[in-house]
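**Q** Prediction below, plus the sequence it came from.
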Amino acid sequence: MRGLSSLAMSLLVVVGMFRLWPLPSLEANNSDRFTAVRPQEIIELELIEPTVQNQTVPPAPPPPPQEILLPPVEVPDTRIIEERVRDLESSLPSLNSIPNAPPAPPPGPAGPPQPAAQPPPPPQPTLVRRPDRGPVPVRFSEPVYPQAARADGVRARVRIEVLVDERGRVQEMRILERIRLGRGDREEHVTSLPHGIDQSALEAARRYQFRPARHEGRAVQSYTTITCNFGV
């Protein structure tokens, strides 16, 4: 116990000495230990040499053109020249006064008479495929049924294209199709028909008369079709 108490007393003494011991001044220590050094500023000076600008002087404008005065040109008087020409013509001998001059040739015979002007050709008929109004039949013609075809029992139908002129008459004819009728009116297109049926159909078409087609208020030529029946 005594050892512990003596150890505690020694510790207290040491602590008291630290607390009572005077501390050195911070200002003195700081003044001795720290020295403020200001950085040196370096200023660089650059010498700028003055420059001289070369000013280009614009060229002077060209002088204005000067009027050149030409000397007057003398023009000869035309009246004097005409008088000299007349004097020269009067001094020359005329053709009639030249001796041994060949006589003038006699006038030649008159040419053949000019032919009289031909009258203009008549206007060509106008053909219109699709007129405002087509030909209208005013007189029909039934075809003749050949006896041989009737006896053979041939029944047929022929379609013909005709050209009708401005007077309503048939000018051209062409067979478009030939149809032969069988049992039950069955139609068969053929290239020809027997017993002269084609010729009979064309003769009947030629006898047709029409009211001509009209286009833009006047009569024109146009096409139409005719159908001829045999035994139908």
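**A** Good, I have the coordinates.
**Q** Out of the helices and strands in the chain, which is least certain?
**A** helix 26-33 (a mean of 48; mean pLDDT, DSSP states H and E).
**Q** R214 bridge partners, please.
**A** Here R214 sits in beta bridges with R133, A219, as judged by DSSP bridges.
**Q** M17 - that's part of a helix, no?
**A** Yes - counting by DSSP: H, G, I helix; E, B strand; the rest coil, M17 is found in a helix.
**Q** Compute the number of surrounding residues for E188.
**A** E188 is flanked by 10 other residues according to other Cβ atoms under 10 Å. For the C-beta atoms, the positions are set from N, CA and C on the backbone; glycine is no exception.
**Q** With G134 instead?
**A** So G134, with other Cβ under 10 Å, has 17 neighbours.
**Q** Count the residues that sit near the closest residue to it other than its chain neighbours.
**A** Closest residue to G134 apart from its sequence neighbours, by Cβ to Cβ, 6 or more residues apart in numbering: A213 at 5.1 Å. Under the neighbour criterion other Cβ under 10 Å, A213 is assigned a count of 27.
**Q** contacting residues around A213?
**A** Counting by Cβ atoms under 8 Å, 6 or more residues apart in numbering, A213 makes contact with 128, 131, 133-135, 164, 219-222, 224.
**Q** tell me the two of the residues you listed that are most distant?
**A** The distance between the two most remote of the contacts of A213 (Cβ to Cβ) is 14.1 Å, for A219 and T224.
**Q** hmm, back to that, how about the contacts of A213 in CSV, adding pLDDT and distance to H195?
**A** Below are the contacts of A213 laid out as CSV (pLDDT from 0 to 100; distance: Cβ to Cβ, whole Å):
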residue, pLDDT, distance to H195
V128, 92, 37
P131, 94, 37
R133, 94, 38
G134, 95, 32
P135, 95, 30
V164, 96, 29
A219, 95, 38
V220, 95, 38
Q221, 96, 33
S222, 96, 33
T224, 96, 27
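**Q** Just the buried ones among the residues you listed, please.
**A** Among the contacts of A213, the ones that count as buried by 16 or more other Cβ atoms under 10 Å are 128, 131, 134-135, 164, 219-222, 224.
**Q** Tell me which of these fall in strands.
**A** Among the buried ones among the contacts of A213, the residues falling in strands (DSSP state E) are 164, 219-220, 222, 224.
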